[in-house]
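> could you look at this predicted model? Sequence included:
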Amino acid sequence: MKFSVHVPFMPVRPDQIGPVAALVQRANTRLWLGQALAIEPHQVFAYAAGLGHRIPVGTSVTLMPLRHPYEAALQARSLAMLTGQPVVAGYGPGPVDFQRATGGRYRSPLTATREYLTTVRGLLDGDAVQLDGEYFRLEGALLPFPHEHVEVGVGVLRPAMARLAGEVADVAITWLCPPAYIRDVLKPELGSRTRVVSVVHVAQRKPGRDLDRVAFSVCRRHLQAPHYVSMLNQAGVAVDPTDPESGARRLVEEGLFLTGTLPEIVAGLREYHAAGVDEVVLNLSGVGAVHGDAVAVRELEFLLGEMGLVTHERAARAAASAARISVIR
């Protein structure tokens, strides 16, 4: 199973991305970031590449109402050219209130998403796209330039979107979905051509740490959004959109917000592999929101060390020092 990393905080300064990008580079994995309304995620990744961190990246997800599919394809390809690495370009229609606030509601989110994904995929494949759809119109193509491969992904919570992803997407990206729900409900709809990436919230259990507060800090809006509430209730995790505090507590109790010691967390992550997930994205943004980005990056480093993906820097320095002493002797 492949593990990758979600940026564990909401970037508000460009210098924040350096330490986590460097850690991901050491781990030889992918860095993910969802829709951000402070610094736009494509620009965050471009800045990291400018610092010299040429790493694979993914968006999990960006919201369709914010950009036309032509610009979406151009942004995704730009990252592939700037980083020299593969990109996962994930999209989603977003909540109804967000659609309405940014220009109009999609009467059929599935139709809008189908039009969007097929247009982006065609442009990235070098096709001349002619689309006169219900929601999007385009006659054009991207100028041809060589670039690393871009996978087109979509946020998937419920069976209908899973069926669509199985038809038109390279990647299905889940968020807050229980492993059993992925295995029993989503995977049968996806088929075999679409790989599954699951973003999993993680926080180490420590003395004095309020895990319910950590979960609430990053899941509050999801626990009030109708599409997430519907998915969680269908998955057997009863949540009430009018009481997100109890919902956050339930996420911790059910292990959807994964906590415990480092070995316990790793064991919980492996349940996603057993459920058929191809890539698990470690998301410590709750730790970052409550305790700061430096704490989140340090905790992420220890977790990656527990999984054998990196050697902790202090341990590496100690080993190097011991080796020098041995040579001197």
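Done, it's in.
> please name the nearest non-neighbouring residue to Arg105.
Excluding its sequence neighbours, the residue lying closest to Arg105 (C-beta to C-beta, 6 or more residues apart in numbering) is Gln99, at 4.7 Å. In this view, the C-beta of every residue, glycine as well, is placed from N, C-alpha and C.
> roughly how far does that neighbour sit from Met161?
Applying C-beta to C-beta, to the nearest Å, the value for Gln99 to Met161 is 15 Å.
> state the pLDDT value of Ala318.
For Ala318, the pLDDT comes out at 38.
> count of residues packed around the residue lying closest to Phe136 once chain neighbours are set aside?
Spatial nearest neighbour of Phe136, excluding adjacent residues (C-beta to C-beta, 6+ apart): Glu115 at 4.9 Å. For Glu115, the neighbour count with other C-beta atoms under 10 Å is 23.
> and Glu115, which of the three is it?
Assigned state for Glu115: helix (three-state reduction, DSSP: H, G, I helix; E, B strand; the rest coil).
> report the contact partners of it.
69, 131, 133-136 (C-beta atoms under 8 Å, 6 or more residues apart in numbering).
> by mean pLDDT, which helix or strand of the protein comes out lowest?
When each helix and strand of the chain is scored by mean pLDDT, DSSP states H and E, helix 313-328 comes last, with a mean of 43.
> tell me, how many residues neighbour the residue nearest to Arg105?
Using other C-beta under 10 Å: Gln99 sits among 19 other residues.
> tell me the pLDDT of it.
93.
> just the CA trace of the host helix or strand of it, in PDB.
Here Gln99 sits within helix 96-101, counting by DSSP states H and E. Taking Å, rounded to 0.1, in the frame of the first residue of the first chain, the C-alpha atoms of helix 96-101 are listed here in PDB:
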ATOM      1  CA  VAL A  96     -24.800  23.500  -2.900                       C
ATOM      2  CA  ASP A  97     -24.400  26.800  -1.000                       C
ATOM      3  CA  PHE A  98     -20.900  27.200  -2.400                       C
ATOM      4  CA  GLN A  99     -22.100  26.600  -5.900                       C
ATOM      5  CA  ARG A 100     -24.800  29.200  -5.500                       C
ATOM      6  CA  ALA A 101     -22.400  31.700  -3.900                       C
END
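> do you know how far the residue nearest to Arg105 is from His227?
12 Å.
> try Leu123
For Leu123, the distance to His227 (C-beta to C-beta) stands at 27 Å.
> higher neighbour count, these two?
Taking neighbours as other C-beta under 10 Å, Leu123 and His227 compare with Leu123 leading, 24 against 18.
> right, and that one touches Val129 too?
Yes: with contacts counted by C-beta atoms under 8 Å, Leu123 reaches Val129, the gap being 5.8 Å.
> what sits in contact with each of these two?
Ala141.
> so Glu139 makes contact with Val129?
Yes: at 7.3 Å, Glu139 counts as touching Val129 under the criterion of C-beta under 8 Å.
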